[in-house]
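Colleague: Could you work out the structure for the sequence below:
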Amino acid sequence: MTEITDKTGELPEAIRRFVLHWGDMGGQWGVNRSVSQIHAFLYLSDKPQTAEDIADALTMARSNVSNSLKELLAWGLIRRAPVMGDRRDFYEAEADVWTMAAKIVAGRKERELDPAIAVLNVCVTEAQGDPSVHATARRRLKDMLAFTETVNDFYGQMVKVPRPRLMALINLGAKIINLLPARKTD
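Modeller: Residues are numbered from 1 along each chain as shown. Below is the predicted model of the structure:
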C-alpha cells in the first residue's frame, strides 16, 4: 500500500529530507522525533497507510509507530481512514495546512499557555501576601501574567477570524502598523 516509497525504507530524497527535518523540528518543540516523522510521512502520503506501512517506510519499530500514532490521534493531526475490504487500521494526516496549524496551536495553548496562566495567577496572589517577596519580583510576576494573558486573549480573537481575513492580515505584515492611529511614543 505504501505508494510514497519505491522500496521498503527507501523514500525519495525530497520526502526523506522533509520527514527528517519535520522530526528535528518536532524535537525542538518538545515532541518526540518519531511522532513528528510519522506525521510528516502521513502528511505527504497520497493514500492512507497502515502502521506496518509506516514502520517499513521509516524503518521504525512497530511498537514505536503504534505509540506515535496514538499521540497523533490525540492531537487530532491524523485520523483513522477505513479502507473497503481491509480490516487493518489505516491512517491519514490532516492535509489542510491551516487546519493542521490551528490544531497544533490550540494543543500548544492548552498544554503550555493555559497552565502558565494558572501558575502565574497563583504566584501573583501568593507574592502579594508575602512580605518577603520584593517589589521587583511582584512587579515582574504581574508583568509576566499580563503578557501571557494578552497573548491568550490575542489567540482567542484570532481563532475567530475567518481564514481569508486572517490570510489578508498576515499578508499585510508590518504594513498593518500604517493602519493604526499614530501615537506620540511611536
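Colleague: can you give me the strands for this structure?
Modeller: Counting by DSSP state E, the chain has strands at residues 49-50, 78-80, 90-93.
Colleague: Quick one: these as JSON lines, columns for mean pLDDT and distance to Thr59 too.
Modeller: In short, each C-beta sits where N, CA and C put it, glycine included. What follows is these, written out as JSON lines (pLDDT from 0 to 100; distance: least, Cβ to Cβ, whole Å):
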{"stretch": "strand 49-50", "mean pLDDT": "97", "distance to Thr59": "14"}
{"stretch": "strand 78-80", "mean pLDDT": "97", "distance to Thr59": "20"}
{"stretch": "strand 90-93", "mean pLDDT": "98", "distance to Thr59": "18"}
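Colleague: CSV for those, including mean neighbour count and distance to Gly26?
Modeller: Putting those into CSV (neighbours: other Cβ atoms under 10 Å; distance: least, Cβ to Cβ, whole Å) gives the following:
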stretch, mean neighbour count, distance to Gly26
strand 49-50, 22, 18
strand 78-80, 16, 14
strand 90-93, 19, 14
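Colleague: Include distance to Leu72 when you put these into a markdown table, please.
Modeller: Below are those laid out as a markdown table (distance: least, Cβ to Cβ, whole Å):
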| stretch | distance to Leu72 |
| --- | --- |
| strand 49-50 | 12 |
| strand 78-80 | 4 |
| strand 90-93 | 8 |
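Colleague: Could you point out which of those sits nearest Arg183?
Modeller: strand 90-93 (44.6 Å; Cβ to Cβ).
Colleague: Out of the strands of the chain, the one nearest Val133 is which?
Modeller: Closest among the strands of the chain, using Cβ to Cβ: strand 78-80, at 45.8 Å.
Colleague: ok, that closest one: who's next to it in the sheet?
Modeller: Sheet pairing of strand 78-80 (DSSP bridges) gives strand 90-93 (antiparallel).
Colleague: which residues are contacting the strand it pairs with?
Modeller: Applying Cβ atoms under 8 Å, 6 or more residues apart in numbering, the set of residues contacting strand 90-93 from outside is 1, 39, 42-43, 45, 47-51, 54, 69, 72, 77-83, 100.
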